[in-house]
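Asks: A structural model of the following input is requested.
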Amino acid sequence: MSYKNSPVYDRSTVEKALDSKEIKSVCEALLSIAFYDPDWEWAQRKFLDGLESSNPDIRGLSATCLGHVARIHQKLDKVRVIAAFRYHLNDNAISGQIEDALIDIDMFVK
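Replies: Now for the predicted structure:
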């Protein structure tokens, strides 16, 4: 297994990737948003949208990325994000990622 840095995408590239049906492209775009986009509110909207995906990898990564936003920006709409997480908490495919993100939110967002 090898590690590679997440790609840095501009918004246009992100939007194209998110609109694609390629799971890898969508996931790379989500990571680019989480690590490099300065607008936490825009990022939060994209990740909340990702929680609604039919694909569990995209849903899970979206939850993880909300935790990244909390850690990196120390800002998040806690009420909105926690409500979305509660709605998805019984989703066994992503419940662990939601729990991890909730820990990050609790730790980094006051």
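Asks: from here on, contacts and neighbour counts on C-alpha atoms
Replies: Fine.
Asks: tell me which strands and helices the longest helix along the chain is in contact with?
Replies: The helix of greatest length in the chain, counted in residues with DSSP state H as the criterion, is given as helix 56-73. Using 3 or more CA pairs under 8 Å, 6 or more residues apart in numbering; DSSP states H and E as the contact criterion, the elements in contact with helix 56-73 are helix 23-36, helix 40-50, helix 95-108.
Asks: redo that, cut-off 10 Å
Replies: Judged by 3 or more CA pairs under 10 Å, 6 or more residues apart in numbering; DSSP states H and E, the packing partners of helix 56-73 are helix 23-36, helix 40-50, helix 78-88, helix 95-108.
Asks: Throw those into CSV and include distance to R59, mean neighbour count and mean pLDDT, thanks.
Replies: CSV is the format used below for those (distance: least, CA to CA, whole Å; neighbours: other CA atoms under 10 Å; pLDDT from 0 to 100):
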stretch, distance to R59, mean neighbour count, mean pLDDT
helix 23-36, 10, 20, 97
helix 40-50, 5, 19, 98
helix 78-88, 9, 15, 97
helix 95-108, 9, 18, 98
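Asks: From the chain's centroid, how far away is the longest helix of the chain?
Replies: For helix 56-73, the distance between its averaged C-alpha position and the chain's averaged C-alpha position is 3 Å (CA atoms, centre = their mean, to the nearest Å).
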